[in-house]
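Asker: Okay, sequence plus prediction incoming.
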2 protein chains.
Amino acid sequence: MPETARRADRPADRSDRLSGTRYGNRPTMKDVAARAGVGLKTVSRVVNGEPGVTPDTERRVQEAIEALGFRRNDSARVLRKGRTASIGLVLEDLADPFYGPLSRAVEEVARAHGALLINGSSAEDPDREQELALALCARRVDGLVVIPAGDDHRYLEPEIKAGVATVFVDRPAGRIDADVVLSDNFGGARDGVAHLIAHGHRRIGFIGDMPRIHTAAERLRGYRAAMEDAGIPVEDAWMSLGVTDPERVRRAAEAMLSGPEPVTAIFTGNNRVTVTVIRVLAEQERPVALVGFDDIELADLLRPGVTVVAQDAAALGRTAAERLFRQLDGTLITPERIELPTRLVTRGSGELPPAG
Amino acid sequence: MPETARRADRPADRSDRLSGTRYGNRPTMKDVAARAGVGLKTVSRVVNGEPGVTPDTERRVQEAIEALGFRRNDSARVLRKGRTASIGLVLEDLADPFYGPLSRAVEEVARAHGALLINGSSAEDPDREQELALALCARRVDGLVVIPAGDDHRYLEPEIKAGVATVFVDRPAGRIDADVVLSDNFGGARDGVAHLIAHGHRRIGFIGDMPRIHTAAERLRGYRAAMEDAGIPVEDAWMSLGVTDPERVRRAAEAMLSGPEPVTAIFTGNNRVTVTVIRVLAEQERPVALVGFDDIELADLLRPGVTVVAQDAAALGRTAAERLFRQLDGTLITPERIELPTRLVTRGSGELPPAG
DNA sequence: CGTGCGTATGACAACGTTGTCCAGGCTCTA
DNA sequence: TAGAGCCTGGACAACGTTGTCATACGCACG
């Protein structure tokens, strides 16, 4: 028999299969076993480095593996073993620079635990977040790191009960009890605004996202707290909420800066808003102070440098991932809420005195 | 009650599930079938929306699914069907802002095709790239988008032969024939340098990565070509290759800018280098022109604005992913090399006249 | 020489899903 | 009313791997 039959079984119905959707007929352990003249289980032992195989047998098996280009099918393995050694990451937008380091940190930890990372973006859409998270669960990821877009995560209850480790990052989970890793949004914003007040500002604007987003609400709360601590009543005209697209941020900023009593400083609620406001301020004649939440690249090179309340995105990701694996170890049981501190980075824009 | 079979055919173990935190013991179609009082295959039909199920039966099945919190096990499905509806992305560094949009674009296309994206970073390490790519193949991803770190990809030959669709992005594959999507690194760099020459510069520095990296080599080639076209002999002191960490880039730039005949302009080979050089130039007394490869955020807000040769990262990712799925469709057969054009974005720094 | 023991190997049954195929029960027509 | 067709629904065998258990062998010992 010169023809080394790929699969001795029934070659006929394999090639006749109408749905040509199979992987291009890959060799299996059975094929390797046949070629090496050993049993199926022996191949499995060699592939997994289990003991109890003669060096000579092992060599024959290795040769067969090499010759056939065999690669273990992890789907079958997962089915049999129950664990996938992969974790899922549901994030909001891969292109947002804030999530790059976070995502990378999660991957780093996953890798250290021998796990792969499967991820996808929710694009800030709660339905899509759910769809994605459940798809990952259907893949039987061992755990899930979620940056929530929605505010109701009860849909994950059966999964968590079934043993899927789950950690929420950046924003808390909605209506379920779960591990959460956050930045100290409230404290960070309060400190940032207090910094402006300390430099003599009283009329301070706030531009941020919709308060239904937890981080946005917390930062707004921090703003209010700082103002109240200083005994400054906040006027409605100083606040713009739920505005993130550049054009509307621009209009909001310009509105605050015009009129008889314009603000002398602005606190921005996230990196995208900050960038737009920088553009607006660059066009203003008199200097306006600025403190932004989230660090932005090159902030130190602008004139003036941009003072920010910086989050440690990598630490968020790392902490979350580590908690995830501790859940999987069984080391962790009680859900906790962890808040990581923020850091005020002064670069000039936040230290400008009030003008006008 | 003695511990008998883990999963009795009775729906009795439902209560067990509710009370105890049984690990990884999820309900299966069999459980759903038992609870709904129907056959296994009927559940499968309902779950997959196949026709041939009475509305009444369907309702019963749905109720059982709901009650048990059943979620189809895609590992088993994959094993049976042969396709995983997932693709792998091997990139270099998730935290590099250049890869954010690229990665996002790939995910977008994957999503449009109903596929999940599994990814990981090679951290510029060829061994890690291989390890990662093969791990993804073991997961039986349908296809692979690879941003190469190494320059020998023969290890993927068995996989490609077995039907794993493969596309390389940003850098070409090494020693195998495969689809490649690149930016026009040569042309872009040549145009960028020519732009500086057109503004009167003759002593132009080049700071880039190691020439063993394809993109770096091409950009260097573009630099040389532009100089040669203008009849300017390049001096060794003008070139710094293989330098990317900030400290050494800084020293390289400072070296070029000192001495009796300093360069009057610098062309930088990638975004990380550009950022560092901007910092150095900000400290210089006389203005030095700068054109950088890769766009950087806020480049327009600096004084002067930074002129760059911009790549369309999203287009790279999109094109690659689309080719991947066309390979999977069977629409594509012959490997091709696609080069996407770059775009010179003038913002000021590249239009400075020579000083000194 | 029989017994016991340890070691290498293989047979076989899961894992949870889907494709195939067949069995009833129904409707429709001649 | 019988036969032909349709619609439902279910039994069963894969898919490729790993855990369990049995076998065959070599060897030392009584």
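Answerer: Here it is on my side, so go on.

Asker: got the contact list for the spatially closest residue to A:Thr342 that is not a sequence neighbour?
Answerer: Sequence neighbours aside, A:Gly188 is the residue nearest to A:Thr342 in space, at 3.3 Å (criterion: Cβ to Cβ, 6 or more residues apart in numbering or on different chains). Where you see a C-beta, it was placed from the backbone N, CA and C, and this is true even at glycine. Shown here is A:Gly188, whose contacts under the criterion Cβ atoms under 8 Å, 6 or more residues apart in numbering or on different chains are A:219, A:222, A:293, A:309, A:311, A:341-342, A:344.

Asker: quick one: which of those is nearest B:Tyr99?
Answerer: Ranked by distance to B:Tyr99 (Cβ to Cβ), the contacts of A:Gly188 are led by A:Gln311 at 20.7 Å.

Asker: Could you tell me which of the contacts of A:Gly188 count as buried?
Answerer: Members of the contacts of A:Gly188 that pass the buried threshold by neighbour count (16 or more other Cβ atoms under 10 Å in any protein chain shown) are listed as A:219, A:222, A:293, A:309, A:311, A:342.

Asker: where in chain A is pLDDT low?
Answerer: With pLDDT under 70 as the threshold, chain A has low-confidence stretches at A:1-24, A:356.

Asker: Write out the residues of it neighbouring DNA strand C.
Answerer: Taking Cβ under 7 Å from any atom of the strand as the criterion, chain A approaches DNA strand C at residues A:17-19, A:33, A:37-42, A:45, A:51-54, A:56-57, A:76, A:79-80.

Asker: Residue numbers of the stretch 101-250 of chain A in contact with DNA strand D?
Answerer: Applying the criterion Cβ under 7 Å from any atom of the strand, no portion of the stretch 101-250 of chain A neighbours DNA strand D.

Asker: In the stretch 251-356 of chain A, which residue sits nearest DNA strand D?
Answerer: Relative to DNA strand D, the nearest point of the stretch 251-356 of chain A is A:Leu328 (17.0 Å; Cβ to the nearest atom of the strand).

Asker: Need the nearest residue in space to that residue, chain neighbours excluded.
Answerer: Using Cβ to Cβ, 6+ apart and skipping the chain neighbours, the partner closest in space to A:Leu328 is A:Ala165 (5.0 Å).

Asker: And A:Lys30, by the same measure?
Answerer: Here the residue nearest A:Lys30, using Cβ to Cβ, 6+ apart, is A:Leu40, at 5.7 Å.

Asker: residue contacts, the one you found?
Answerer: When contacts are counted by Cβ under 8 Å, 6+ apart, A:Leu40 touches A:29-30, A:33.

Asker: Show me the one in those residues that has more neighbours than the rest.
Answerer: Among the contacts of A:Leu40, A:Met29 has the most neighbours (other Cβ atoms under 10 Å in any protein chain shown), with 22 neighbours.

Asker: Now it: closest residue in space, sequence neighbours ignored.
Answerer: By the measure of Cβ to Cβ, 6+ apart, the closest residue to A:Met29 outside its immediate chain neighbours is A:Val43, 4.4 Å from it.

Asker: now A:Ser240
Answerer: Residue nearest to A:Ser240 in three dimensions, not counting chain neighbours: A:Ala252, with 3.8 Å by Cβ to Cβ, 6+ apart.

Asker: re the thing from before, enumerate the positions of the helix or strand where the residue nearest to A:Met29 lies that are buried.
Answerer: Mapping A:Val43 onto the secondary structure by DSSP states H and E places it in helix A:40-47. Using 16+ other Cβ under 10 Å as the burial criterion, the residues of helix A:40-47 that qualify are A:42-47.

Asker: Next, count neighbours for the residue in the stretch 251-356 of chain A that chain B sits nearest to.
Answerer: When distances are taken as Cβ to the nearest Cβ, the stretch 251-356 of chain A approaches chain B most closely through A:Leu298, which lies 4.9 Å from it. Taking other Cβ under 10 Å as the neighbour definition, A:Leu298 ends up with a count of 18.
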